[in-house]
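A.B. asks: Provided below are the primary sequence and the corresponding predicted coordinates.
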Amino acid sequence: MTMPCRCISYNRPDLNPLADRPEVILPRPSWSSRERGICVDACIADAIRMLWAHGIITAGCCCGHNRMNPSVIVDERDHALLAIKLLKEQDGRDWHVQQWRLCTVHPDNSATAVPLI
Ligand SMILES: [Zn+2]
């Protein structure tokens, strides 16, 4: 069984009264332009670092703060499939792996996803 998360949520610190672990600032990977590093929730820092070591480019992540499953956003389908495999093998939690998709935004504020090719 996984230990309860004690990460402080940057945008909702009030949600977890047990939270006492600040975000971790990981040194930026080569593909990132964020010179001051990338902030990630402490309890998923090792998992995110592991994904980067396998060449997976991430666009965001959240540990879920005991309210949701941990999640990570990637930008390529192949990276998503590899992330699912690696996280299952090396982290063990039930992750939500998400992928950005290009969409067309219409004047009426609706959007249409561009089909995957
Ligand atoms: Zn956490």
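C.D. replies: Yep, it's here.

A.B. asks: Off-centre distance for the longest helix along the chain?
C.D. replies: As assigned by DSSP state H, the longest helix anywhere in the chain is helix 77-90. Offset of helix 77-90 from its chain centre (Cα atoms, centre = their mean, to the nearest Å): 12 Å.

A.B. asks: With stretch 87-105 instead?
C.D. replies: Using Cα atoms, centre = their mean, the offset of stretch 87-105 from its chain centre is 8 Å.

A.B. asks: quick one, what contacts Pro22?
C.D. replies: Pro22 makes contact with Ile8, Ala42 under the criterion Cβ atoms under 8 Å, 6 or more residues apart in numbering. Bear in mind the C-beta positions are built from the backbone N, C-alpha and C, glycine included.

A.B. asks: whoops, I mixed them up, Ile38
C.D. replies: Contact analysis of Ile38 by Cβ under 8 Å, 6+ apart lists Ile25, Leu26, Arg28, Pro29, Ser32.

A.B. asks: Could you rerun that using 7 Å?
C.D. replies: By Cβ atoms under 7 Å, 6 or more residues apart in numbering, the residues touching Ile38 are Leu26, Arg28, Ser32.

A.B. asks: quick one: which of those residues is nearest the ion?
C.D. replies: Nearest to the ion among the contacts of Ile38, counting by Cβ to the ion, is Leu26 at 14.5 Å.
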